[in-house]
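# Just to be clear, the model below is a prediction. Sequence and coordinates:
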Amino acid sequence: MSKSIFRVLIFTIVMLTTACSVSNSILSVFNFANQETEVKKYMDIKFDDYAKYKFNANKLDIISKFTPSFSYPNVEHLMPISTEKTAINWANDRLIANSPDSPYKLQFIIYDASVTEKDLIEDSIIDTDMIKYTARLDISIRVVDKDENILAETTSSSWREVTSKKNSKIYSKEEIWYQMVQKLALDFNEKIESGINNYLNQYLLIPNS
């Protein structure tokens, strides 16, 4: 074998080895980037393991009067699980209109399910890199007659606040939002249970004494 051919073979082997090394490095970086940007799946917040409220009513209407603004300072449209959807889940999981022949109807009305963001520097004379999120959930449950006259009603107004670093990565923000909605849902659940027992008790098929 001539020296020229030998040199060409050596050069080719070196180039192939270098190319494989570079390719593996690029693949590693790509895989790492995928891990960093992987979207976490958040489960719906459900209440189907709680006791049901069975009403002397022929129908359950879930009505949302809340309209997201899709603009700052509101951020509920950016969240993985919304307060509105969580409230709807609560109604579907815990309220049952159990009397087809009843003259009454049950209404679950959502008035506010907003989440807002506020830069805390607005409230401070010193520089800060913190922001505050405020979540609200305002609900009414009504028993109405066939003409939709209100016969009994209970309302609940719940809110939660949490602060976070201003430049938190998106997956960190989503985790904060999700935990905030979980805690808000538990607050709401406790308040509305008390309201049902106090103000709608006479329309329950098995009243709580």
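Right, received. Where do you want to start?

# make it CA atoms for all contacts and neighbour counts henceforth
Fine.

# hey, what's Ala97 bridged with?
Beta-bridge pairing for Ala97 (DSSP bridges): Phe55.

# Quick check: it touching Asp61?
No - in terms of C-alpha atoms under 8 Å, Ala97 does not count as a neighbour of Asp61; the distance is 9.4 Å.

# Please identify which of those two sits among more neighbours.
Using other C-alpha atoms under 10 Å, the more surrounded residue of Ala97 and Asp61 is Ala97, with 21 against 15.

# Burial check on the residue lying closest to Tyr42 once chain neighbours are set aside, number of neighbours?
If you skip the residues right next to it in sequence, Tyr42 has Pro80 as its closest partner in space, 6.6 Å away by C-alpha to C-alpha, 6 or more residues apart in numbering. Pro80 is flanked by 17 other residues according to other C-alpha under 10 Å.

# Now do the contacts for the most centrally placed residue in the chain.
Among the residues of the chain, Ile81 comes closest to the average C-alpha position under C-alpha atoms, centre = their mean, at 2.1 Å. Under the criterion of C-alpha atoms under 8 Å, 6 or more residues apart in numbering, the contact list for Ile81 reads Tyr42, Met43, Asp44, Ile45, Tyr178, Val181.

# same check, this time on Ala87
Ile110, Ala185.

# Glu148 versus that one, what's the distance?
According to C-alpha to C-alpha, to the nearest Å, Ala87 stands 22 Å off from Glu148.

# Check the gap between the nearest residue to Asp119 once chain neighbours are set aside and Lys52 for me.
Residue nearest to Asp119 in three dimensions, not counting chain neighbours: Ile131, with 4.6 Å by C-alpha to C-alpha, 6+ apart. To Lys52, Ile131 is 38 Å away according to C-alpha to C-alpha.

# Neighbour count for the two, which is higher?
Under the neighbour definition other C-alpha under 10 Å, Ile131 and Lys52 were set side by side, and Ile131 has more, 18 against 14.
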